[in-house]
Every structure is written in C-alpha cells, then in structure tokens.
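# Build me a model:
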Amino acid sequence: MNLKRWGALGTAAVSLAGAMVVTGGTTAAHADTRCDWSWIYINDSPGGDPKEAARGHSHNTGNHYISYSSWSDYYQKYAWYWESDNDGGSDGDTYDTYYSWNLCDHPAW
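Below is the predicted model:
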C-alpha cells in the first residue's frame, strides 16, 4: 500500500513540475517589456474603440503598447511605461490598463 502511495505522489510531483515549466514559459512571453517595439494595431475588435496603430508588441495573450516614456534622474535611464490593450472582442472594448514598466538605455521614440 505504501509503495502505491509513493508512486502516486511521485507521478503528481512530475505532473506539477511539468505544469510549472509550461506556465513559466507562457508567463515569460506574456510579461514582455523589452526595450524595443514594432508597430501594432490596438482596439481592432468590432464594437470597441477606433482601431489605431501603437508602438508595442503583439502576443498570443494580447497586445501591450508603450503609453509614454520619460527620463529618470534617479536611475539615469529612460523609463518605458506599458499598457495592456483590453480589447473586449465582440462585446466591445474595455479601458486599457497599466501593465508594467522597464528601464532602457534609449528613449522609446
């Protein structure tokens, strides 16, 4: 009986570790605030805000774009502030929200 329990626990631990690796990879791609950007479109679902071009990144999990950047005297670098494009699909658009920030050696534009 004890051998069966230990075997089940080992299987569960391996499954959990595998799930953590997959989730970690997804999270790492989702939390992208690197110091470069390309032109993307935000608000492109029907019923939302007018579609517009923005500086940012497109991901499977959504779009993130730079709302503004500024010089930081404290860090002696440029701070880039990222927003999430909360495009609501067929039910319209919801307000975009603050996502994250990053320090970069050059201004965003």
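# In CSV, could you pull the C-alpha coordinates for stretch 54-68?
What follows is stretch 54-68 as a C-alpha-only set of coordinates in CSV (Å, rounded to 0.1, in the frame of the first residue of the first chain):
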residue,chain,number,x,y,z
ALA,A,54,0.6,51.8,-31.5
ARG,A,55,4.2,51.1,-30.6
GLY,A,56,4.4,47.8,-28.8
HIS,A,57,4.3,44.0,-29.1
SER,A,58,1.6,41.5,-30.1
HIS,A,59,1.4,38.2,-28.2
ASN,A,60,-1.0,35.3,-28.2
THR,A,61,-2.3,36.6,-24.9
GLY,A,62,-2.9,40.1,-26.1
ASN,A,63,-1.2,43.4,-27.1
HIS,A,64,1.0,45.5,-25.0
TYR,A,65,2.0,49.0,-26.0
ILE,A,66,4.1,51.9,-24.7
SER,A,67,1.9,54.7,-23.3
TYR,A,68,4.8,57.0,-22.7
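# For it, report the contacting residues that lie outside it.
26, 29-30, 32-34, 37-42, 80-87, 98-100, 108-109 (C-beta atoms under 8 Å, 6 or more residues apart in numbering). Using the backbone N, CA and C atoms, a C-beta is placed for each residue, glycine as well.
# Show me which strand runs longest in the protein.
Taking DSSP state E as the assignment, the strand of the chain that covers the most residues is strand 62-72.
# Report the strands that pair with that strand, each with its relative direction.
strand 52-59 (antiparallel), strand 77-85 (antiparallel) (DSSP bridges).
# comparing those strands, which gets the lowest mean pLDDT score?
Per-stretch mean pLDDT for these is lowest at strand 52-59 (a mean of 90).
# in that strand, what's buried?
In terms of neighbour count (16 or more other C-beta atoms under 10 Å), strand 52-59 has its buried residues at 54-57.
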